[in-house]
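J.: fold the following, please.
(one chain, ligands or ions: 1)
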Amino acid sequence: MHHNPVYIKNLSHRYPDGNLALDNINLSIKANEKVALIGANGSGKSTLQFHLNGIFLPQTGEVSIGEWTINDKNLVHIRNFVGVVFQNPDNQLFMPTVWEDVAFGPMNKGIKGNELKLTVIEAMEAVNIEPHLYGDRNPDNLSGGEKKRVAIAGVLAMNPQVLVLDEPSAQLDPRSRRQLINLLHKLPLTLLVATHDLDLAWELCERTIILSKGKVVYDGKTDRIMSDHTFLEKHALEAPLSFSRAYCNLEDRPNLTLANNHQLSLISD
Ligand SMILES: Nc1ncnc2c1ncn2[C@@H]1O[C@H](COP(=O)(O)OP(=O)(O)OP(=O)(O)O)[C@@H](O)[C@H]1O
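T.: Model prediction:
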């Protein structure tokens, strides 16, 4: 019996057209671990996330969330345990006002009255969406970054133990992105962040999983992989800028070692 909040064994996923999007994935994530999921377009990140809250059920292999091995009978438990914020917030916001959107999940869990009000306010404040300014607004009329933050608030209001985020920084301006990183950093929960923003991966996640053509090709320390330009290039990825900058100040991060000459030319650029 394992007790990790996320445990995936021999998971494969083939789309109806024959496309093998996940090819024998094995991984587990410990409580409160913050993990980046990176990989080029089409590497399988979204497909994997769809398996984490039962949007897809395993065709081959198994996915366990907390104490449940996902099947079509325990999806309510799974979805209370795992919150997923999709890449496109338009898929997530459907109520006439921001307030109702954030309140929707906790209301369905039976929370009401003052407790509901406090839950909604807390979730909105966590993502810097001021309840008195945004509560009555129609989500359709928000900017992309505001929608994204409301979608995150709606998931936080469910009080999940595992939070899965698909491209959380994609539409955010630098300040909102920074605030989001700080918020995610502080959250006492298990986090899996699929992102092309390798700076965010590096700043937020000690561990990185790299997918390539549906396979896990790296699972280990984020620091280590960000210094391996040859490996990143092989999987169509690029080292983050801030990481290269940090190299200029190696004494701040004494655990880093240069893996090859690429970094040296990058630093002097
Ligand atoms: N509905 C579908 N039917 C058939 N193939 C699909 C479907 N959705 C995705 N795929 C394929 O499965 C593979 C994995 O796609 P997925 O969306 O999981 O990748 P991703 O890593 O999330 O990509 P991106 O970075 O572009 O969001 C790709 O080859 C994609 O073309």
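
J.: how about the residues of this structure by the ligand?
T.: 15, 17, 19, 21, 39, 41-47 (Cβ under 6 Å from any ligand atom). (Glycine included, C-beta is placed from N, CA and C.)

J.: take the residues you listed and write them to TSV, including secondary structure, distance to Ile55 and neighbour count.
T.: Shown next, in TSV, are those (DSSP: H, G, I helix; E, B strand; the rest coil; distance: Cβ to Cβ, whole Å; neighbours: other Cβ atoms under 10 Å):
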residue	secondary structure	distance to Ile55	neighbour count
Tyr15	coil	13	11
Asp17	coil	18	5
Asn19	coil	17	11
Ala21	strand	13	20
Gly39	coil	19	25
Asn41	coil	20	7
Gly42	coil	18	15
Ser43	coil	18	24
Gly44	coil	14	23
Lys45	helix	14	26
Ser46	helix	10	16
Thr47	helix	10	21
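
J.: which two of those have the greatest separation?
T.: Within those, two members stand farthest from each other by Cβ to Cβ: Asp17 and Gly39, at 20.3 Å.

J.: which parts of the stretch 101-250 of the chain are strands?
T.: 162-166, 190-194, 207-212, 215-221 (DSSP state E, counting those that start in this stretch).

J.: which of those sits most buried?
T.: strand 190-194 (a mean of 24; mean count of other Cβ atoms under 10 Å).

J.: now the angle from it to strand 207-212?
T.: 40 degrees (axes from the mean of the first three to the mean of the last three Cα atoms, to 10 degrees).

J.: quick one: contacts for Ala36?
T.: 193-195, 198, 200-202, 204-205, 207-209, 222 (Cβ atoms under 8 Å, 6 or more residues apart in numbering).

J.: go with 7 Å
T.: 193, 195, 201, 205, 208, 222 (Cβ atoms under 7 Å, 6 or more residues apart in numbering).

J.: dihedrals phi and psi, it?
T.: Phi and psi for Ala36, reported as degrees, to the nearest 10, are phi -90, psi 140.
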